[in-house]
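Undergrad: let me see the structure of the following:
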Amino acid sequence: MTGSRRSSGFTLVEVLTVLLLVGILTCTGTAFYVGLAQETNERTQISSLQAFIAACRGRARLRGIPVELRLVQSTLSAIDAPALSMGLSSRLSGQLCKQLGGLVFSASATLLAGKPVHRLLVTFEGSNASAVLTLDE
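TA: Presented below is the predicted three-dimensional model:
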C-alpha cells in the first residue's frame, strides 16, 4: 500500500508569511492612527481656545468691564468669573500658556502686558503644527 499521502492545511512558511504581512499592516495603520489622533486633538484644542476667547471678549463687551485671564496649573480662567474657564493641553507651548494667562479683554481691545495684541501663534510641543489664534473679531 504505497500511496501518496495528502494533507490539507498550510505550511509553516505560509503561516509565517501571513503573520509577517499582518504585523507590517498593523504597524503602519497604528502609526497613521496615532498621527491622526494627535492632529485631531490639536485642532480641537485650537477650536476650544477660539471659543473661550470669543466668550471672554463677549463678556467684556456685554458688561463693559475688562475680563482678565489667569493661568493656574493647566487651567485658564477669567479672574472675575471662575466658571468661565478651560483646561489647556499639556502639549501647548509654555510661552503661549504664559501669554494666555496675561490677556485682558476690554470692550474695545485685547491687551497683553498693557499693549494691544491682535493674534497669537499657537504651537504644540513635539509637533510641527501651528495656527494663528485671532483675538479680535
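Undergrad: before we move on, which element is the residue nearest the centre of the chain in?
TA: Compute the mean C-alpha point of the chain, and by Cα atoms, centre = their mean the closest residue is Glu42, 2.3 Å away. Here Glu42, judged by DSSP states H and E, is contained in helix 12-63.
Undergrad: which stretches of this protein aren't confidently modelled?
TA: 1-6, 137 (pLDDT under 70).
Undergrad: try it again with 90
TA: Counting by pLDDT under 90, the chain shows low-confidence ranges at 1-10, 25-50, 54, 56-66, 71-75, 77-85, 87-103, 105-137.
Undergrad: that older thread, C-terminal to the helix holding Glu42, what's the next element?
TA: Next in sequence after helix 12-63, counting helices and strands by DSSP H and E, comes strand 67-72.
Undergrad: partner strands of the helix or strand just after that following strand and their direction?
TA: Using DSSP H and E, the helix or strand that follows strand 67-72 in sequence is strand 75-78. Sheet pairing here is set by DSSP bridges, and for strand 75-78 it gives strand 67-72 (antiparallel), strand 81-87 (antiparallel).
Undergrad: need the winner for burial among the ones you listed.
TA: Each of those was scored by mean neighbour count; the highest is strand 67-72, a mean of 17, by mean count of other Cβ atoms under 10 Å. Every residue, glycine included, has its C-beta placed from N, CA and C.
Undergrad: so what's the gap between it and the chain middle?
TA: The gap between where strand 67-72 is centred and where its chain is centred comes out at 20 Å by Cα atoms, centre = their mean, to the nearest Å.
Undergrad: let's have the chain start at 38 instead
TA: Got it, first residue is 38 now, which makes that one strand 104-109.
Undergrad: that older thread, ok, the residue nearest to the centre of the chain to Ser143 distance?
TA: Per Cβ to Cβ, to the nearest Å, Glu79 is found 30 Å from Ser143.
Undergrad: ok, now Thr67?
TA: With distances defined as Cβ to Cβ, the gap from Thr67 to Ser143 amounts to 48 Å.
Undergrad: residues in contact with the residue nearest to Leu121 when sequence neighbours are not counted?
TA: Using Cβ to Cβ, 6 or more residues apart in numbering and skipping the chain neighbours, the partner closest in space to Leu121 is Ala115 (4.2 Å). Residues in contact with Ala115 (Cβ atoms under 8 Å, 6 or more residues apart in numbering) are Cys93, Arg96, Val104, Glu105, Leu106, Arg107, Leu121, Ser122.
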